[in-house]
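Participant: Following is a predicted model, sequence given first.
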Amino acid sequence: MDVRVLIVVESEGVRRQLQSATGFPVFATHGHLFRQAQSGEAPAFLASGNLIARYPIEERAGILAHLAATLERGQWEGILIGTDPDDEGDVIAADVAALAAEKAPAAALFRVTWQTLDPAAINRSLNTAQPMEARKNWGAAGLARATVDCMFSGLPGVGRVMTPLLAALSRGGDLDSIRLDFHRPWTLRDVLVMDRGPDVEGLYRRAEALYLDGKLSYPRTGATAFWPETCRTIAQVAPGRRIPATPHQSLVLPLSAPHEALHAAEVAEWTFMALANHDDSQPIERLSTNDAILVSAQAAALVSLGLVAPDQVIEPPDPARHPGAWIVDWQFREGLGRPSTWARRAARVVQSGWLVPDRLALTVDGRRALVRAPDFLRDPALSRQIENHIAIEAARGLSAEEIVDSLRDRLGRDILPEVPQGLRGGHDLRPPLPSGRVIEAPGYSTERTAAGPKDDQTGVPVTRHEIVS
């Protein structure tokens with residue numbers, strides 16, 4: 001195996017799966033290595049108002065140094081950046097690519113995404129890796145969104161998405177309004193509103209765990225069409241069938257991609273049907289949460305493609321009847337936020353004490369949080385307009401700065417304020433790091449010490465770098 005190929009991903013679980021499946025060295029960043037602000041995910045700005053491209057995160061200093069040393073000493077011919085296939089993953093990919101261009105300038109850089117982590121899907125992803133030079137401004141959408149949210153943080157209220165959510169909760173709602181069916185491919189929303197307890201964050205973690213086991217497709221991906229391998233599989237199994245251009249109006253890739261369900265059905269001879277309401281079957285209520293997710297997602301994929309009649313599969317599970325599920329469903333219906341933030345936002349509403357327990361009604365604290373926000377921020381249409389504009393302009397290849405400028409021209413400076421004054425830095429916004437912390441990043445002076453033991457992740461000898469004043 002040519003070990004001069006390095007794969008960089010976000011999650012430790014993905015790292016283990018890929019390293020086992022491919023034999024290549026794999027490095028996990030564990031999320032962002034650079035943040036665009038001194039705290040949180042909001043950007044930091046120069047006095048000119050321009051975004052600072054890379055701002056090291058203090059608590060990630062060791063990982064950043066580890067990656068820098070791995071890139072520098074590996075003599076890599078190719079670096080495959082396989083961070084999550086969403087806007088945030090593109091931001092991380094752009095940061096890793098910039099670091100790789102400095103530390104491993106001879107290496108060719110590729111962007112690769114993993115739909116699932118089964119061996120066949122991994123092999124397809126590796127064979128369809130995209131040269132990063134083929135596209136400009138990786139991560140522009142994520143940076144632009146963070147910039148806009150940062151600008152709104154200078155206004156009173158609780159944020160661009162949370163404010164209209166609280167406004168909706170103030171008007172009340174019907175917990176019986178949530179519906180589940182199998183006539184379309186399932187998405188993460190369907191899992192989060194299953195009747196499997198009130199912990200939507202727990203269900204999100206289960207969906208991620210099933211993805212890491214290679215059983216579900218990536219649960220956060222925004223997409224406008226079925227994956228190519230899905231289309232090929234449908235063409236083989238159901239020749240002549242017209243493949244829809246979009247899997248669902250929400251533009252969220254199905255949680256269980258149809259080709260997975262078709263493959264499982266073909267190889268296992270429809271064994272999942274044993275779980276249907278026929279002889280010797282188990283009602284879905286008696287299945288474990290993981291089994292219920294898998295069976296429901298597969299059934300939705302098959303029924304939505306017209307390959308299985310609805311009466312041949314089990315009935316959809318009942319949706320949950322608690323506020324957390326309603327909050328997820330509201331964000332899904334309004335097209336606000338991202339699948340990766342739906343569960344977190346639902347948990348925040350509850351944990352902040354803004355919601356009357358087990359009711360769709362705001363507490364006194366919730367009403368106080370809402371009343372501070374300007375009226376225009378309470379309308380979900382504004383957030384949708386912002387999201388759509390960012391997506392369109394990013395697809396055109398604009399940079400984050402250009403996207404934000406064009407959005408301000410469209411909305412007006414009375415709606416999209418200037419950068420909060422407190423975030424306008426001087427000439428150096430690098431974070432203060434204590435002497436002796438391990439880091440290597442552009443803009444920092446370092447001195448090299450002796451090479452350390454081999455890296456547990458990649459097997460490459462590690463050189464430690466100490467910060468020097």
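Facilitator: Nice, thanks for sending it over.

Participant: Give the residue spans of the stretch 201-350 of the chain that score low on pLDDT.
Facilitator: Applying pLDDT under 70 to the stretch 201-350 of the chain picks out residues 220-285.

Participant: All the helices of it, residue numbers only.
Facilitator: In the stretch 201-350 of the chain, the helices defined using DSSP state H, counting those that start in this stretch lie at 228-237, 258-267, 289-304, 323-334, 339-351.

Participant: Domain-wise, how is this protein divided?
Facilitator: 5-146+392-467, 179-312 (automatic domain parsing).

Participant: Now Gly13: closest residue in space, sequence neighbours ignored.
Facilitator: Nearest non-adjacent residue to Gly13, counting by CB to CB, 6 or more residues apart in numbering: Leu212, 4.0 Å away. Heads up, the C-betas are built off the backbone N, CA and C, glycines and all.

Participant: which residues touch that neighbour?
Facilitator: Going by CB atoms under 8 Å, 6 or more residues apart in numbering, Leu212 touches 11, 13-14, 17, 117.

Participant: do the same with His32
Facilitator: His32 touches 41, 57, 60, 88, 91-92, 95, counting by CB under 8 Å, 6+ apart.

Participant: do that again at 7 Å, thanks
Facilitator: Each residue near His32 by CB atoms under 7 Å, 6 or more residues apart in numbering is listed here: 57, 92.

Participant: for Leu203, same thing?
Facilitator: By CB under 7 Å, 6+ apart, the contact list for Leu203 reads 191-192, 194, 196.

Participant: Next: Arg384.
Facilitator: So Arg384 contacts 335-336 (CB under 7 Å, 6+ apart).

Participant: measure it to Gly172 for me?
Facilitator: For Arg384, the distance to Gly172 (CB to CB, to the nearest Å) stands at 22 Å.

Participant: do Gly335 as well
Facilitator: The value you get for Gly335 to Gly172, if CB to CB is used, is 21 Å.

Participant: so what's Asp414 scoring on pLDDT?
Facilitator: Looking at Asp414, its pLDDT stands at 78.

Participant: I'd like to know how many residues surround it.
Facilitator: For Asp414, the tally of surrounding residues (other CB atoms under 10 Å) stands at 7.

Participant: who touches it in this structure?
Facilitator: No contacts exist for Asp414 under CB under 7 Å, 6+ apart.

Participant: what are the phi and psi values for it?
Facilitator: Note on Asp414: backbone dihedrals following degrees, to the nearest 10 are phi -80, psi -20.

Participant: what about it, distance to Phe376?
Facilitator: 9 Å.

Participant: try Asp195
Facilitator: Applying CB to CB, the value for Asp195 to Phe376 is 37 Å.

Participant: ok, the two, which is more surrounded?
Facilitator: Neighbour totals were compared for Asp195 and Phe376, and Asp195 leads with 17 against 13 (other CB under 10 Å).

Participant: His322 is in contact with that one, correct?
Facilitator: No. If you go by CB atoms under 7 Å, Asp195 and His322 don't touch, sitting 9.1 Å apart.

Participant: Looking at Gly335 and Gly172 now, which is surrounded by more residues?
Facilitator: Of the pair Gly335 and Gly172, Gly335 is the one with more neighbours under other CB under 10 Å, namely 15 against 10.

Participant: quick one, what contacts that one?
Facilitator: Contact analysis of Gly335 by CB under 7 Å, 6+ apart lists Arg384.

Participant: same thing with Trp326?
Facilitator: Trp326 touches 173, 175, 178, 360, counting by CB under 7 Å, 6+ apart.

Participant: Just the buried ones from the residues you listed?
Facilitator: 173, 175, 178, 360 (16 or more other CB atoms under 10 Å).

Participant: Can you tell me how far the third one is from Leu18?
Facilitator: Which is Ile178. Counting by CB to CB - Ile178 and Leu18 are separated by 36 Å.

Participant: Tell me which helix or strand comes right after the helix or strand hosting Ala68.
Facilitator: Per DSSP states H and E, Ala68 falls inside helix 61-73. Per DSSP H and E, the first helix or strand lying C-terminal to helix 61-73 is strand 78-81.

Participant: List the strands paired with that next one, with their directions.
Facilitator: Taking DSSP bridges as the criterion, strand 78-81 pairs within the sheet with strand 5-9 (parallel), strand 108-111 (parallel).

Participant: Thought Val313 was touching Val303, still the case?
Facilitator: Yes. Counting by CB under 7 Å, Val303 does reach Val313; the two are 6.3 Å apart.

Participant: Quickly list what's touching both of those two.
Facilitator: Phe182.

Participant: residue contacts, Ala391?
Facilitator: Ala141.

Participant: Which helix or which strand is home to it?
Facilitator: helix 380-395.

Participant: What residues of that helix count as buried?
Facilitator: The neighbour-count check on helix 380-395 (16+ other CB under 10 Å) flags 380, 382-383, 386-387, 389-391, 393-394 as buried.
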